[in-house]
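*Asks:* Model the structure of this input:
(one chain, ligands or ions: 1)
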Amino acid sequence: MLKLYNTLTRKKENFKPIKAGTASLYGCGPTVYWYQHIGNMRRYIFEDILRRTLLFNNLKVKHVINITDVGHLTSDADEGEDKMMKAIKREKLPPTSESLLKVARKYEDSFLDDARKLNIQSPDKWARATEHIKDMINLIKKIEKNGYTYKTKVGLIFDTSKSKDYTKLAKLKLEDMKAGSRVEVDPERKNPSDFALWITNQPKHIMQWDSPWGRGFPGWHIECSAMSSKYLGDQFDIHTGGEEHIPIHHTNEIAQSEAACGKHPWVKYWLHMRWLVLKEGKMSKSEGKVFTISELEKKGYDPLDFRYLCLLTHYRKRLLFSLESLDSAKKTYDRLKNIILELKTKKDSKKSKNTYEKDFLESVNDDLNTSKALSVLWAVLRDSKLGSKEKLELAYEFDKVLGLSLKELKEDKIPKEIKEIAEKRQKARTEKDWPTSDKLRDEISSKGYEIKDLKEGYLINKK
Ligand SMILES: [Zn+2]
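*Replies:* Numbering: from 1, shown residues only. A predicted model of the protein is given here:
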């Protein structure tokens, strides 16, 4: 039975989907105003593991992730400058909607590239905010009709005091729910936690749409409520995000969705990933201070080295990132790949009774315990009672969840000339002619390849 830790109840619970056999899943996606750093990407790896685990449990998965390309102000509480506006200034583009979309698509593409490199499976829908303005307006109309709103100069505001148990997700006192001591931009707000559904009177904002409340643009929170209900229905199973989403963004999503559809609970299970932090103790959210996937690639890492590192830490624990920890993950992942490549060259089969499949399933089903799941994989590879064939079968099976590309793994294409030297060297080794063997190894190395001796045979890789 799959168990997931639900932020709503602060407990691990058995996962029971609303509709038997199908899991509906929504994840808050990126705001595409800048490159996503590895802390952001850890979240999509976590969501990918969740998706793969649901599939591994033979569930059908309906999965949506949004792309925020409008309306996300620099703070999560409707304050500060719009992130997209900030981006076109930085890119020195003219203040037009074309510029905004250009920036949005550029960083969306870069995000999707990183996701592919990390073996993150595509959801059924990447939903862009700018393509769902009508859905947002319709949802806001419902909320207004149900009596949860009032108007101020800023726009149409959600009255959080009308909400049933507004603080149930964050479990904070209402007075602690305001967004800290940031500048109050809307003195007409009735409660500090109230937030804008639709923002008007912002002539400098480039992207604006007509609405029953005047020309303007949506508040950030409404897009997730509108797009999730459009694709997943009024109620669905799982909603994910980062720990920073709990007190404002997700709390507001719940308040407005339950106000609109009147159904409780709107979402059954809330899963939140804790941050990746740098060794210095904090994750800098400001632009350019944290590594991106392409920066790691430039330093010679495979993006999947980073995926392996993420699998070693449970998603509800902070991941302390350093290049040393990445190096050590890379070493282990390299060793894993070499073992898999070696197994691929063998055909021996030894069936023995084992419980690995059960152990693996139990690990991932225990709130996605990926580090334990990895240890089951390593136990398989070390088990002398299993043949190569059985080891490979299990590794491929487990990799459906882990996503480490083990099945696709191939030796680098090795030129004939190098292969011939390697064969000569192998012959020298069987004749215990070590000086020749060493000489031939150096020759291979000088041509840009390295040779690794295995129990039987050898592996050649490009350096
Ligand atoms: Zn969201």
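*Asks:* For stretch 191-209, which residues meet the burial criterion?
*Replies:* Within stretch 191-209, the residues that count as buried by 16 or more other C-beta atoms under 10 Å are 191, 193-200, 205-208. C-beta coordinates here come from the backbone N, C-alpha and C atoms, glycine included.
*Asks:* That should have said stretch 411-427, apologies.
*Replies:* Those would be 414, 418, 421-422, 425-426, for stretch 411-427 by 16+ other C-beta under 10 Å.
*Asks:* Looking at those, which are in helices?
*Replies:* 418, 421-422, 425-426 (DSSP state H).
*Asks:* tell me which of those residues is nearest to Asn365?
*Replies:* Ala422 (44.1 Å; C-beta to C-beta).
*Asks:* out of the ones in helices among the buried residues of stretch 411-427, who's nearest the ion?
*Replies:* The ion lies nearest to Ile418 out of those, by C-beta to the ion, at 51.6 Å.
*Asks:* How about the nearest residue in space to the closest one that is not next to it in sequence: which residues does it bridge to?
*Replies:* Spatial nearest neighbour of Ile418, excluding adjacent residues (C-beta to C-beta, 6 or more residues apart in numbering): Tyr449 at 5.3 Å. Beta-bridge pairing for Tyr449 (DSSP bridges): Lys462.
*Asks:* quick one: contacts for Tyr449?
*Replies:* Tyr449 makes contact with 414, 418, 460-463, according to C-beta atoms under 8 Å, 6 or more residues apart in numbering.
*Asks:* Intersect the ones in helices among the buried residues of stretch 411-427 with the contacts of the ion.
*Replies:* Among those, no residue sits close to the ion (C-beta under 5 Å from the ion).
*Asks:* Now compare those residues and name the two farthest from each other.
*Replies:* Ile418 and Gln426 (12.6 Å).
*Asks:* which SSE is the residue in the stretch 101-250 of the chain that the ion sits nearest to in?
*Replies:* Ranking the residues of the stretch 101-250 of the chain by distance to the ion (C-beta to the ion) places Cys224 first, at 3.2 Å. Element membership for Cys224 (DSSP states H and E) is helix 220-232.
*Asks:* cool, Ala170 as well?
*Replies:* Here Ala170 is assigned to no helix or strand, by DSSP H and E.
*Asks:* and the helix holding Cys224, what does it pack onto?
*Replies:* Other elements packing on helix 220-232 under the criterion 3 or more C-beta pairs under 8 Å, 6 or more residues apart in numbering; DSSP states H and E are strand 22-27, strand 60-67, strand 125-128, helix 133-145, strand 195-200, helix 251-261.
*Asks:* Among the ones in helices among the buried residues of stretch 411-427, which one lies nearest to Arg335?
*Replies:* Arg335 has its nearest neighbour among these in Ala422, at 20.8 Å by C-beta to C-beta.
*Asks:* residues contacting that closest one?
*Replies:* With C-beta under 8 Å, 6+ apart, Ala422 has these contacts: 414, 440, 444, 451, 458, 460.
*Asks:* from those residues, which is closest to Leu172?
*Replies:* Ile460 (58.4 Å).
*Asks:* Are we agreed that the closest one is in a strand?
*Replies:* Yes: per DSSP: H, G, I helix; E, B strand; the rest coil, Ile460 lies within a strand segment.
*Asks:* Where do the helices of the stretch 301-450 of the chain begin and end?
*Replies:* Using DSSP state H, counting those that start in this stretch, the helices of the stretch 301-450 of the chain run over residues 303-312, 323-344, 356-365, 370-382, 388-402, 416-430, 434-446.
*Asks:* CA-only coordinates of the fifth one in CSV, if you can.
*Replies:* Okay, so that is helix 388-402. Extracted in CSV, the C-alpha atoms of helix 388-402 (Å, rounded to 0.1, in the frame of the first residue of the first chain):
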residue,chain,number,x,y,z
SER,A,388,23.6,-11.4,-14.5
LYS,A,389,20.3,-11.9,-16.3
GLU,A,390,18.2,-11.6,-13.1
LYS,A,391,20.2,-8.7,-11.8
LEU,A,392,19.7,-6.7,-14.9
GLU,A,393,16.0,-7.5,-15.0
LEU,A,394,15.6,-6.2,-11.4
ALA,A,395,17.7,-3.2,-12.1
TYR,A,396,15.6,-2.3,-15.1
GLU,A,397,12.4,-2.8,-13.2
PHE,A,398,13.6,-0.5,-10.3
ASP,A,399,14.8,2.1,-12.8
LYS,A,400,11.2,2.7,-13.8
VAL,A,401,11.0,4.6,-10.6
LEU,A,402,14.6,5.8,-10.2
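*Asks:* Report all helices and strands that it contacts.
*Replies:* Looks like helix 388-402 contacts helix 38-56, helix 323-344, helix 356-365, helix 370-382 (3+ C-beta pairs under 8 Å, 6+ apart).
*Asks:* now that helix: mean pLDDT?
*Replies:* For helix 388-402, mean pLDDT rounds to 97.
*Asks:* Next, the contact list for Ser161, please.
*Replies:* Ser161 makes contact with 190-191, 194, according to C-beta under 8 Å, 6+ apart.
*Asks:* Using CSV, please lay out those together with distance to the ion and pLDDT.
*Replies:* Compiled in CSV, the contacts of Ser161 are given as follows (distance: C-beta to the ion, whole Å; pLDDT from 0 to 100):
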residue, distance to the ion, pLDDT
Lys190, 24, 89
Asn191, 21, 87
Asp194, 18, 90
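*Asks:* Closest one to Leu118 out of those residues, please.
*Replies:* Nearest to Leu118 among the contacts of Ser161, with distances taken as C-beta to C-beta, is Asp194, at 38.1 Å.
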